[in-house]
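Novice: I would like the atomic coordinates for the input below:
(one chain, ligands or ions: 1)
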Amino acid sequence: MSLPSDHSGALERVLSLLATPPAAPDTRDGYLDLLPPESTGRRSLAQALMLSTPVPAVYERWWRPALGQLAKGVFGPTMRGERDIALDYLDLAPGDTVLDIACGPGNFTREFARAVGERGLAIGLDVSPTMLRRAVTDTDADTVGYLRADAADLPFADASLDAVCCFAALHLFDEPWTALDRIAVVVKPGGRLALMTTCARGPSPVRGVSGALAGATGIRMFGVAELADALAARGFAEVRQRLDGVVQFVGAVRRR
Ligand SMILES: C[S@@+](CC[C@H](N)C(=O)[O-])C[C@H]1O[C@@H](n2cnc3c(N)ncnc32)[C@H](O)[C@@H]1O
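Specialist: Reported below is the predicted structural model:
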């Protein structure tokens with residue numbers, strides 16, 4: 001099968017990892033599209049911005065660093081620091097297959113591609129066509145394949161991935177627990193997971209303001225122990241957590 005895109009080699013490899021590959025893959029925008037146009041994730045203000053045209057254009061350079069730092073606090077990690085945390089938790093080796101869930105414009109996916117090298121594969125998955133178009137345009141590596149799919153319905157075959165990342169997105173999902181269920185199934189035994197999401201903590205005025213802001217924009221605030229417990233219940237071990245501001249980083253390894 002030949003695919004009409006610059007990322008065709010990577011998309012062929014993505015197709016080979018799917019539980020049920022489509023008979024006629026839609027790759028006309030440079031990513032593999034498994035969703036009908038109207039599937040766009042949760043109907044919240046925060047997700048509406050991810051589907052817009054202006055936000056993907058400024059996301060990587062301005063939006064994410066500025067809002068991320070606000071959430072992490074002045075002493076929290078910079079974007080480079082976040083990348084280092086992700087790479088530490090994911091423990092990528094050359095030849096690995098890594099899935100970046102809710103990849104946005106591919107800002108982390110491209111970093112992962114560098115870590116897995118020429119024999120490896122970095123897959124960026126998102127529901128937003130505007131984010132994915134930006135990701136395709138900004139990615140010049142034939143070891144990166146982008147995929148439009150819902151995190152709650154990951155289309156991969158069981159135990160097909162060496163590592164899974166989901167940064168700055170779990171709090172936007174309608175079904176975060178279903179997404180974690182699916183992650184636990186598609187990652188290999190011994191596979192690694194890295195999450196970055198919200199954390200309801202701090203003195204009560206801070207919790208009040210961040211909770212109100214989150215409520216207004218449709219962002220879910222997770223409890224301090226909620227994700228670590230959810231991962232342990234889904235067969236993950238070696239759970240690590242780091243807290244910065246109203247953000248938590250969680251790493252874990254799928255039990256063998
Ligand atoms: C804030 S961006 C995160 C991008 C990148 N991971 C980062 O850390 O900068 C959140 C992304 O989640 C995506 N998203 C929201 N709901 C989703 C879902 N149910 N399945 C897949 N992606 C989703 C949005 O479209 C958006 O691109």
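
Novice: Low-confidence ranges, the chain, go.
Specialist: Where the chain drops to pLDDT under 70, the residues are 1-6, 41-42, 202-210.

Novice: Would you mind listing what in it touches the ligand?
Specialist: By C-beta under 6 Å from any ligand atom, the part of the chain that sits against the ligand consists of 41-42, 47, 50, 64, 102-104, 107-108, 126-128, 131, 150-152, 167-169, 172-173. For the C-beta atoms, the positions are set from N, CA and C on the backbone; glycine is no exception.

Novice: let's see 5 Å
Specialist: 41, 50, 64, 102, 104, 126-128, 131, 150-151, 167-169, 172-173 (C-beta under 5 Å from any ligand atom).

Novice: Of those - the most surrounded one?
Specialist: Sorting those by how many neighbours each has (other C-beta atoms under 10 Å) puts residue 126 first, at 29 neighbours.

Novice: which residues sit in contact with that residue?
Specialist: With contact taken as C-beta atoms under 8 Å, 6 or more residues apart in numbering, residue 126 is in contact with 102, 103, 104, 132, 135, 146, 147, 148.

Novice: Distance of the fourth one relative to residue 74?
Specialist: According to C-beta to C-beta, to the nearest Å, residue 132 and residue 74 sit 32 Å apart.

Novice: Can I get the longest strand seen in the chain in CSV, CA atoms only?
Specialist: Across the chain, the longest stretch assigned as strand under DSSP state E is strand 187-198. These are the backbone C-alpha positions of strand 187-198, laid out as CSV (Å, rounded to 0.1, in the frame of the first residue of the first chain):
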residue,chain,number,x,y,z
VAL,A,187,1.8,-0.7,26.5
LYS,A,188,4.0,-3.8,26.7
PRO,A,189,4.8,-5.4,30.0
GLY,A,190,7.8,-3.5,31.3
GLY,A,191,6.7,-0.5,29.2
ARG,A,192,7.0,3.0,30.6
LEU,A,193,4.4,5.7,31.1
ALA,A,194,4.8,9.5,31.7
LEU,A,195,1.9,11.7,32.6
MET,A,196,1.7,15.5,33.3
THR,A,197,-1.6,16.9,34.4
THR,A,198,-3.3,19.0,37.0
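
Novice: which residues does residue 45 contact?
Specialist: By C-beta under 8 Å, 6+ apart, the neighbours of residue 45 are 216, 217, 218.

Novice: rerun at 7 Å
Specialist: 217, 218 (C-beta atoms under 7 Å, 6 or more residues apart in numbering).

Novice: Quick check: the residue nearest to residue 221 when sequence neighbours are not counted vs the ligand, distance?
Specialist: Closest residue to residue 221 apart from its sequence neighbours, by C-beta to C-beta, 6 or more residues apart in numbering: residue 200 at 4.1 Å. As judged by C-beta to the nearest ligand atom, to the nearest Å, residue 200 and the ligand stand 18 Å apart.
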